[in-house]
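Asks: Structure, please.
(2 chains)
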There are 2 protein chains.
Amino acid sequence: MQTNQRIDGQRLWTTLMAMAEIGATPKGGVRRLTLTEVDRQGRDRFAAWCRALGLTLRVDEIGNMFARREGRDPARPPVLMGSHLDSQPSGGKFDGALGVIAGLEVMRSLNDLGLTTEAPIELVNWTDEEGSRFGHSLMGSGTWAGVYPREKTYALTDAEGVRVDAALDAIGYRGPEPARPFVADAYFELHIEQGPILEREGKTIGIVTGAQAQIWYDVRIEGQDAHAGTTPPGVRRDALVATARVIELVDRIMRARGEDGRGTVGWLQVAPNSRNVVPGETRFSVEFRHPDFAQVQAMAAEFEAQAPALAAPCAWHLTELFRLDATPFDPGCVALVEQAAARLGLPARRIVSGAGHDAVYVARHVPTAMIFTPCKDGLSHNEAESIEPHEAEAGCQVLFEAVLARANRVPG
Amino acid sequence: MQTNQRIDGQRLWTTLMAMAEIGATPKGGVRRLTLTEVDRQGRDRFAAWCRALGLTLRVDEIGNMFARREGRDPARPPVLMGSHLDSQPSGGKFDGALGVIAGLEVMRSLNDLGLTTEAPIELVNWTDEEGSRFGHSLMGSGTWAGVYPREKTYALTDAEGVRVDAALDAIGYRGPEPARPFVADAYFELHIEQGPILEREGKTIGIVTGAQAQIWYDVRIEGQDAHAGTTPPGVRRDALVATARVIELVDRIMRARGEDGRGTVGWLQVAPNSRNVVPGETRFSVEFRHPDFAQVQAMAAEFEAQAPALAAPCAWHLTELFRLDATPFDPGCVALVEQAAARLGLPARRIVSGAGHDAVYVARHVPTAMIFTPCKDGLSHNEAESIEPHEAEAGCQVLFEAVLARANRVPG
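Replies: Purely as a prediction, here's the structure:
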C-alpha cells in the first residue's frame, strides 16, 4: 500500500500553468505548433526542469525527448510515461501537456520521497502528436514505432513548404538517437478524455482499455452545376442534396449502434459554392469508429451498400483512406491503473479511447495503458478546454502508483 | 407581313465571334469583367460598329451606352433593345453579348433594307449585369431605373478596393447623361435561356412573359464542436447533420410545386471543417423562386415553419435577405414577340425567366418583353456555354420583327 506517498497537486498545477504561458493565447488557450520557435521554448523549459531533477535527456532523430531516471537494476528495461507538448492551432492548456507535466511531477515526487525504483523510469515528450502543421498526426510516435518511414516523415512539408527535417534543425531538436523502438517494460499515458463521458457519469478516472477501430473515407459526389433560377427540379443533379442524404445515412448508421458507435462527416467542400448555382460537386470526409472492429466493418459495409443509391442521379466516387483495427491495451498495465484508482477510492470506469493517442503506436512494441481524466463539457481542441485541479492531481497520483508498481514489480 | 425582310444570320455570327475575341479564354469562353480594360476594348469595338452605321452614341453616368437610329417622327419616344457586354469571370460567349450584337444586326439590316421606322430605335449596352466584380448584379440597369441610388453605386468597391466611379473614369466610360429613366415606347431583350427547357422541348423561341418571384435567406445553424472519436451520439449537436435535414426540406418544398418551383442551397460553409471534429456551425444560403408570388410566399412559410424543428437540438438563426414579387412583362410587347415567332413558323413556347435580367428593372418604367433562345444542355455562366447559329439567327429575326412592329405601330 502506497497511499501515504503523494504527488504534489499544487506543484503539478503551477507547472502546468507555467508551461501554458508558452504560446498562451488571449482567449486562455495555447498555440504551440510542433517544431516552431514556441515549441522550442516549451521543449527548452521542459528540458531545464528535467535536468534540475538529475534526469538524463536523450533526443532522437525525430525530436522525441526521453528523460531518464536510473533504477537500482541497470539491466532492467525502463518503464515509460509521457505524452506531447505540441498543441492545436487554437488548442487548450491540457491536451498533451497534462501527461508530460504529470510525468515530471512523478519524477519530482520520487526524488522528494527519496525512492529508488528497481527499473529505470523514462519520461517522454513525443513530437507532433496533433498533426496540425505537417498534416500527419502521431508523427513522432508513429515514426518511432516504424509506422511512418523516417525519410517520408522528414519530407513532409507545412503550408509554407518547410520540411520536417529543416524544422527540426531550425529549433535544434534533431537529435542523434535513432527513432526506433527500444526494449521497454511498459508505457503509461495520462490524458484528458476529450469527451463527455467521465464528466457526465461523475467519474474522476477513466481506465482506458484500448482504442477504437476506425475506417476513414474520402467521398466525391459529381452532379451538374446549373442556374438555380432556370433549372427545373426534374433535370437537376444537385450534388449537395445528394450529400445531405449521405450525411443523414452516416448519422443513422452511427445511432443504430447506440452509445458506442461513431459516424461523422466533419469536412465538406461545395463547388462552385455560389448562391444562385445548383452545386455541381462536393467532396467530404466520412469516418466510422467503434470499440469492436467487426462493428466498424459492418457500419462501413452498410454505408458502402446504401450511399450510392442515395447519391443518385449524381455519380458516386469513394476512396477508403484506412481501416484501423481496435488497439487493446495490455491487461497487466490496465490492471495496475484500475488497482491504483481503487486503492485511492477514486470513482472510475473502464473506457475505450475514441481519439488517437501516441499510446496507440507505442502499444505496438511496449505493454501500454492510458489514464483519462475529465474535461469540462467534453471540450478539447479548443481554447476553452478546462479541467479541475483536483482531477489533474488524481490522474497524476494514479500515474505515479501505476508506474511505481510496474517499476518495482518482481519480474516473472 | 414582313417575312421577306431578313436579318443576316452569317453576319450576326461573325460579329458575335469578333466580340468573343475580346477577353477570350483558352477554354473557349470569355472573361470580360465589367469596367476593366478588356470591357473597354469591347465597348470601343461596339461603339465603332455603331458609329459606322451612323448611329448617335450617348453614355450615361454609370456607363450605360445608348446607340440611336432616328425615326421619321422625332416626337415619338424610342423603342429600346439591348442587353450587356460584361461577362462572368469564367463566362461564355453569348450570355449578354447575344442581345447586344443581335441589336446591332437589327440596325445593320434596317440600314441595308433602307427602312425608316416611325419611332427612333435605341440599342443599349447596360453596365455590369453580372455583378461579379462589384458584388451587385444588374448594376447599370438598376441604377438607371432608380433601384440603386447613384452615389451608393459609385461607392461600391471590387476586391482590390477600386470604386465604381474610379473604374468608370479609368476606362473613360463615365458619361455626361444622367442615369435615370427617360420616356421610351418599349424595351426588347434577346437572351439565351440559361436553362434546359427550350432545348428539351425542341423549341427555338421562348416568349418570356415575365420573371419569377424570389425569396432569399441566409441561415446560421449553431451546434457544438466536439471530438468525432470521443463524442457519443446522444450528446452530439452536429450542425452539419441539422443542415442536411434542412437541405432536404428545401428540396422537398421545391418538388411539391412540380415543374415551376425552385428551391436551392447553393452556398454552404462548415466550421471548423476538420475531419475529426463534429461540425459546430454552418452558414448557408436558401432561395425559393416561382412564377407566382403567392406560391413563393407559401414555400417560404413552409420552410420557416418546419426548418427550426429539423435543426434541433442545434440553434436556428434565419435572416431574410429579400422578397421580390414576380415581374410580369407588358402583354402588348409579349404579343409582338409571340406573333413574330408564329409568323416565322418557329417552334415557340411561353416561359418565365428564372434568372434576373436588365429587363426586370427596365420593366419598372418601360413596357418590356424578352426573347429566349436555347443553349446547349442549359449551360451558362460557364466557358462551355454554346448555342446554334441558326437559333441565334431565329432569335435575332424575332427581335427585328418585334422592334419593327413596335416602332411602326399606329399610336393609340
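Asks: list the buried ones in stretch A:332-345?
Replies: For stretch A:332-345, burial by neighbour count (16 or more other C-beta atoms under 10 Å in any protein chain shown) applies to A:C333, A:V334, A:L336, A:V337, A:E338, A:A340, A:A341, A:L344. Every residue, glycine included, has its C-beta placed from N, CA and C.
Asks: so what pLDDT did the fourth one get?
Replies: Looking at A:V337, its pLDDT is 98.
Asks: Up against chain B, what does the stretch 301-412 of chain A have?
Replies: The stretch 301-412 of chain A comes close to chain B at residues A:S353, A:G354, A:A355, A:G356, A:G378, A:L379, A:S380, A:H381, A:N382, as judged by C-beta under 8 Å from any C-beta of the partner chain.
Asks: Can you spell out which helices and strands pack onto the helix or strand harbouring A:A294?
Replies: According to DSSP states H and E, A:A294 maps onto helix A:293-311. Here helix A:293-311 touches strand A:213-222, helix A:239-255, strand A:281-290, strand A:315-324, going by 3 or more C-beta pairs under 8 Å, 6 or more residues apart in numbering or on different chains; DSSP states H and E.
Asks: mind redoing it with 10 Å?
Replies: Contact analysis of helix A:293-311 by 3 or more C-beta pairs under 10 Å, 6 or more residues apart in numbering or on different chains; DSSP states H and E lists strand A:213-222, helix A:239-255, strand A:262-264, strand A:281-290, strand A:315-324 as its packing neighbours.
Asks: Let's have the ones you listed in a markdown table, adding distance to A:P176 and mean pLDDT.
Replies: Formatted as a markdown table, the helices and strands packed on helix A:293-311 follow (distance: least, C-beta to C-beta, whole Å; pLDDT from 0 to 100):
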| stretch | distance to A:P176 | mean pLDDT |
| --- | --- | --- |
| strand A:213-222 | 35 | 95 |
| helix A:239-255 | 47 | 98 |
| strand A:262-264 | 41 | 97 |
| strand A:281-290 | 38 | 96 |
| strand A:315-324 | 32 | 92 |
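Asks: what's the pLDDT at the residue positioned nearest the centre of chain A?
Replies: By C-alpha atoms, centre = their mean, chain A has its centre lying nearest to A:H357, at 3.1 Å. Note for A:H357: predicted pLDDT of 95.
Asks: circling back to that earlier point, filter the residues of the stretch 301-412 of chain A next to chain B down to just the ones in strands.
Replies: Assigned to strands by DSSP state E, the following of those qualify: A:S353.
Asks: for the residues of the stretch 301-412 of chain A next to chain B, which one is nearest B:G229?
Replies: Set against B:G229, the nearest of these by C-beta to C-beta is A:G354 (3.3 Å).
Asks: show me what contacts the closest one?
Replies: A:193-195, A:197, A:211-212, A:214, A:260, A:262, A:289-291, B:227-232, B:276 (C-beta atoms under 10 Å, 6 or more residues apart in numbering or on different chains).
Asks: and with 7 Å instead?
Replies: Taking C-beta atoms under 7 Å, 6 or more residues apart in numbering or on different chains, we find A:G354 in contact with A:G195, A:Q212, A:R262, A:R289, B:H227, B:G229, B:T230.
Asks: Now do the buried residues in the helix holding A:A294.
Replies: Neighbour-count burial for helix A:293-311 [16+ other C-beta under 10 Å]: A:293, A:295-300, A:302-303, A:307-308, A:310-311.
Asks: where does whichever residue of the stretch 201-350 of chain A sits closest to chain B fall, helix, sheet strand or coil?
Replies: Per C-beta to the nearest C-beta, A:T230 is where the stretch 201-350 of chain A lies closest to chain B, at 2.8 Å. Secondary structure state of A:T230, per DSSP: H, G, I helix; E, B strand; the rest coil, is coil.
Asks: And it, how far from B:F293?
Replies: 18 Å (C-beta to C-beta, to the nearest Å).
Asks: same check, this time on A:R72
Replies: From A:R72 to B:F293 the distance is 88 Å (C-beta to C-beta).
Asks: who's in contact with the helix or strand where A:D39 lies?
Replies: Element membership of A:D39 [criterion: DSSP H and E] is helix A:37-52. For helix A:37-52, the external contacting residues (C-beta under 7 Å, 6+ apart) are A:19, A:22-23, A:32-33, A:57, A:65, A:67, A:85-86, A:100, A:104, A:125, A:171, A:173.
Asks: Beta-bridge partners for A:R220, please?
Replies: A:R283, A:H317 (DSSP bridges).
Asks: wait, does the lowest-mean-pLDDT helix or strand in chain A contact chain B?
Replies: Ranked by mean pLDDT, DSSP states H and E, the weakest helix or strand in chain A is strand A:226-227, scoring a mean of 88. Yes - for strand A:226-227, a contact with chain B is found by C-beta under 7 Å from any C-beta of the partner chain, at A:A226, A:H227.
Asks: Work out the sheet partners of that strand and label each with its direction, please.
Replies: strand A:277-278 (antiparallel).
Asks: Can you report phi and psi for the closest residue to A:I351 other than its chain neighbours?
Replies: In this structure, A:I351 finds its nearest non-sequential neighbour in A:G206, 4.0 Å apart by C-beta to C-beta, 6 or more residues apart in numbering or on different chains. Torsion angles at A:G206 (phi, psi; degrees, to the nearest 10) stand at phi -100, psi 120.
Asks: Check A:I351 too.
Replies: phi -150, psi 150.
Asks: how many neighbours does A:A166 have?
Replies: Neighbour count of A:A166, defined by other C-beta atoms under 10 Å in any protein chain shown: 14.
Asks: Just the pLDDT for it.
Replies: Note on A:A166: pLDDT of 98.
Asks: picking up where we left off before, and the residue of the stretch 201-350 of chain A closest to chain B, what does it touch?
Replies: Contacts of A:T230 (C-beta under 7 Å, 6+ apart): B:E193, B:Q194, B:G195, B:G354, B:A355, B:G378.
Asks: quick one: which two of those residues are the most distant?
Replies: B:A355 and B:G378 (11.2 Å).
Asks: how far out from the middle of the chain is the helix holding A:A294?
Replies: Relative to the centre of its chain, helix A:293-311 is centred 26 Å away, using C-alpha atoms, centre = their mean, to the nearest Å.
Asks: Kindly report the same for stretch A:337-347.
Replies: Relative to where its chain is centred, stretch A:337-347 has its mean C-alpha point 24 Å off (C-alpha atoms, centre = their mean).
Asks: Same question for stretch A:317-324.
Replies: Computed by C-alpha atoms, centre = their mean, the separation of stretch A:317-324 from the middle of its chain amounts to 21 Å.
Asks: would you put the C-alpha positions of that stretch in PDB?
Replies: Written as PDB, here are the backbone C-alpha positions of stretch A:317-324 (Å, rounded to 0.1, in the frame of the first residue of the first chain):
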ATOM      1  CA  HIS A 317     -16.800   8.200 -56.000                       C
ATOM      2  CA  LEU A 318     -15.500   6.600 -52.800                       C
ATOM      3  CA  THR A 319     -11.900   6.400 -51.600                       C
ATOM      4  CA  GLU A 320     -11.100   4.400 -48.500                       C
ATOM      5  CA  LEU A 321      -8.200   6.100 -46.600                       C
ATOM      6  CA  PHE A 322      -7.600   3.500 -44.000                       C
ATOM      7  CA  ARG A 323      -9.100   0.800 -41.800                       C
ATOM      8  CA  LEU A 324      -7.500   0.500 -38.400                       C
END
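Asks: Buried residues of it, list them for me.
Replies: Buried positions in stretch A:317-324, judged by neighbour count with 16+ other C-beta under 10 Å: A:L324.
Asks: re earlier: nearest to A:H136, out of the helices and strands packed on helix A:293-311?
Replies: That would be strand A:315-324 among the helices and strands packed on helix A:293-311, by C-beta to C-beta, at 12.5 Å.
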